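Student: Sequence and computational prediction follow.
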Amino acid sequence: MRFNRRQKGKTSMIIPKYQWVMKGLLIAVIAGLPSLTFAEDTLSAGDTAWMLTATALVLFMTIPGLSLFYAGMVRSKNVLSVLMQCFAITSLMTVLWVLYLYSLAFTDGGAMNAFIGGLDKAFLAGISVDTLKGTIPETVFLTFQMTFVIITPALIVGAFAERMKFSAMLVFMALWATLVYAPICHWVWGGGWLGDYGVLDFAGGTVVHINAGIAGLVAALMLGKRKGYPQVAMPPHNLTYTVIGASMLWVGWFGFNAGSQLAADGVAGMAMAVTQIATASAALAWMLSEWVSHGKPSALGIASGAVAGLVAITPASGYVGPMGALAIGAAAGVGCFLAATKVKRAFGYDDSLDVFGVHAVGGIIGAILTGVFAATTLGGAGFGEGNTTMGAQVIAQLIGVVATIGFTAIMSVIILKVIDVIIGLRVDEEQETEGLDMALHDERGYIL
Amino acid sequence: MKMVTAIIKPFKLDDVREALSEIGVQGITVTEVKGFGRQKGHTELYRGAEYVVDFLPKVKIEAAVSEDSVEQVIDAITKSANTGKIGDGKIFVHSLEQVIRIRTGETGQDAL
């Protein structure tokens, strides 16, 4: 959980800090000055090098990773619309982040600090080449965090694919990032109330995945089903893209999880290892579930399983051990398989690319199991601040899950309702039949 | 003269071509086609969504042959394209009024 973790100083964190203190002492002795205060704010070249890399990896998850993962699953007449939405979100979130979102998420909000940050760093005021955040430049920290606010709204795109107006999508994402992402990000990582509760969310199970998954479900329900769903066949138009995209997500996710330690240390190493283990475990679990229930394993299935595993290990990655990761991956593989294939069919909602089934369900499974497998007796790193038993930790995790679900669901409904009244959410029937590429962008993905 | 049209499974094309060459058939025309018969279509499954694909890919072979070799040709195709499973295809025989070789202008039996 980034800065909370570092400042609270877990045992594993204290050792490298002592080194800085020792260096500080040495310098102080040499200089004859009784100063130790600068020890906390010394740049580490190792940490900085890793975080520069991790930031690039997380951006790589959205463009091109997630974009291709989604683009392959829609029909060929909508391929550009999905790529375009992810690209536009990447650009829009970057601008909003530097204008005010970073400040809202990561500064002290004064009296309101439990819920939202302040505007002290709006327009990135006061951040220069020399400003540090822990052991890395603040520019690196804010860009790393920026890649998270980019991928979260981009995940939602899959839920309303093939039918939302581009303009409405842009307005929705801007409002959603401001009114939903920034507060929840602040609650968990920016010094808000969920962090204080001892909720363990290493890399964003609640902030990113449950948040996006629930917003996606709400959007899918409010926009309604695609024309003809589920009677008309809507098979993925190019699963090659989807498998390539899933593979890129897998690689990029090392930046997401191991980068969330904000340091190049042992915890980051373990986060990387458990990310790989849980992903493989979930990919096999989904593949086997499909094999047993349908008779054949599929490429879409194994790729979806990998993403489910990546989602589930996200909150757990800095806290659980390798065997915990195997279990979390297997649970996510089976759980998300059931959610995306059976539950969706049973209820009949059109969460087109399974944002809810993979990200919300995988996020919830991961968040709860983090409370179990963080136990030192199960190979984990121990419970969060103030929680002494597994029961207490699981309850804290549930509080995090329920608070996120409730807040994002209610806010998403309100935002979508307002946009629907003002500009409308959906394209008309003719545009939907023609395909969004031609109808909204005047171009085609394939001229063959 | 007869025109023999056979609809076969795509993976049997090489076997059929070989069998026809062996009995002296001078040329055939091959087209990739789609259709359905008793085999019906097949199903595809994407994350639990099942789609029935109605038309299956097949290969159509056309060969113009002389009256006295028709039985031999039918026999060669039947044997080489047979898998014993549903969906092996069918052979249609039509009478053929005239054949002309474009290069020389030869007609009838000489043009086969």
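Tutor: Thanks, I have it. Since we're looking at a predicted model, the values are computed, not measured.
Student: Report how many residues lie close to residue 50.
Tutor: In the absence of a named chain, this looks at chain A. 22 (other C-beta atoms under 10 Å in any protein chain shown). Every C-beta, even on glycine, is put in place using the N, C-alpha and C of the backbone.
Student: that answer is for a different chain, and I need it for chain B
Tutor: For B:Glu50, the count of nearby residues is 12 (other C-beta under 10 Å).
Student: Can I take it that it is in a strand?
Tutor: Yes - counting by DSSP: H, G, I helix; E, B strand; the rest coil, B:Glu50 falls inside a strand.
Student: If the closest residue to it other than its chain neighbours is in a bridge, with which residues?
Tutor: Nearest in space to B:Glu50, with sequence neighbours left out and distances taken as C-beta to C-beta, 6 or more residues apart in numbering or on different chains, is B:Thr43 at 5.4 Å. Taking DSSP bridges, one finds B:Val52 as the beta-bridge partners of B:Thr43.
Student: Based on its surroundings, how many neighbours for B:Thr43?
Tutor: Neighbour count for B:Thr43, taken as other C-beta under 10 Å: 10.
Student: Tell me who's in contact with it.
Tutor: Neighbour list for B:Thr43: B:Glu50, B:Tyr51, B:Val52, B:Val53 [criterion: C-beta atoms under 8 Å, 6 or more residues apart in numbering or on different chains].
Student: Can you convert those residues into TSV and add a column each for distance to A:Ala280 and pLDDT?
Tutor: Output for the contacts of B:Thr43, formatted as TSV (distance: C-beta to C-beta, whole Å; pLDDT from 0 to 100):
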residue	distance to A:Ala280	pLDDT
B:Glu50	28	85
B:Tyr51	30	85
B:Val52	34	84
B:Val53	32	83
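Student: ok, of these, which one's closest to chain A?
Tutor: Chain A has its nearest neighbour among these in B:Tyr51, at 4.3 Å by C-beta to the nearest C-beta.
Student: Around the spatially closest residue to that closest one that is not a sequence neighbour, count how many other residues there are.
Tutor: Closest residue to B:Tyr51 apart from its sequence neighbours, by C-beta to C-beta, 6+ apart: A:Ala233 at 4.3 Å. Around A:Ala233 sit 14 other residues, with neighbours defined as other C-beta under 10 Å.
Student: May I have the secondary structure class of A:Ala233?
Tutor: Per three-state DSSP, A:Ala233 ends up coil.
Student: didn't it look like it was pressed against B:Asp54?
Tutor: No - counting by C-beta atoms under 8 Å, A:Ala233 stays clear of B:Asp54, with 10.2 Å between them.
Student: Helix, strand, or coil at A:Arg444?
Tutor: Classification of A:Arg444 by three-state DSSP places it in coil.
Student: Where does the prediction get shaky in chain B?
Tutor: Applying pLDDT under 70 to chain B picks out no residues at all.
Student: Can you name the residues of it sitting close to chain A?
Tutor: Within chain B, the residues that sit near chain A (C-beta under 8 Å from any C-beta of the partner chain) are B:Glu44, B:Leu45, B:Tyr46, B:Arg47, B:Gly48, B:Ala49, B:Tyr51.
Student: again, 6 Å this time
Tutor: B:Leu45, B:Tyr46, B:Arg47, B:Gly48, B:Tyr51 (C-beta under 6 Å from any C-beta of the partner chain).
Student: Selection in ChimeraX covering whichever of the residues you listed are buried, please.
Tutor: To isolate the buried members of these in ChimeraX, using 16 or more other C-beta atoms under 10 Å in any protein chain shown:
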select /B:45,46,47,48
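Student: Make CSV from the residues of chain B next to chain A and add distance to A:Asp41 to it.
Tutor: CSV is the format used below for the residues of chain B next to chain A (distance: C-beta to C-beta, whole Å):
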residue, distance to A:Asp41
B:Leu45, 56
B:Tyr46, 52
B:Arg47, 49
B:Gly48, 52
B:Tyr51, 59
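Student: Which single one of the residues of chain B next to chain A is nearest to A:Leu124?
Tutor: Proximity of the residues of chain B next to chain A to A:Leu124 (C-beta to C-beta) peaks at B:Arg47, which lies at 41.8 Å.
Student: Please name the nearest non-neighbouring residue to residue 49.
Tutor: Since you didn't name a chain, this refers to chain A. Computed as C-beta to C-beta, 6+ apart, the closest residue to A:Ala49 that is not its neighbour in sequence is A:Ala264, at 7.1 Å.
Student: wrong chain, I was asking about chain B
Tutor: A:Pro230 (6.9 Å).
Student: So what's the residue count around that neighbour?
Tutor: Count around A:Pro230 with other C-beta under 10 Å applied: 14.
Student: mind listing the helices for chain B?
Tutor: B:13-22, B:70-80 (DSSP state H).
Student: right, and those - which one's nearest A:Leu223?
Tutor: helix B:13-22 (47.6 Å).
Student: Report the contact partners of the residue most central in space within chain A.
Tutor: Central residue of chain A (C-alpha atoms, centre = their mean): A:Val208, 3.2 Å from the mean position. Going by C-beta atoms under 6 Å, 6 or more residues apart in numbering or on different chains, A:Val208 touches A:Thr152.
Student: Can you give me the pLDDT of it?
Tutor: Looking at A:Val208, its pLDDT is 97.
Student: List phi and psi for residue 99.
Tutor: If you meant another chain, say so; for now it's chain A. Per-residue torsions, A:Leu99: phi -70, psi -50 (degrees, to the nearest 10).
Student: you looked at the wrong chain, it should be chain B
Tutor: According to degrees, to the nearest 10, B:Val99 has phi -130, psi 130.
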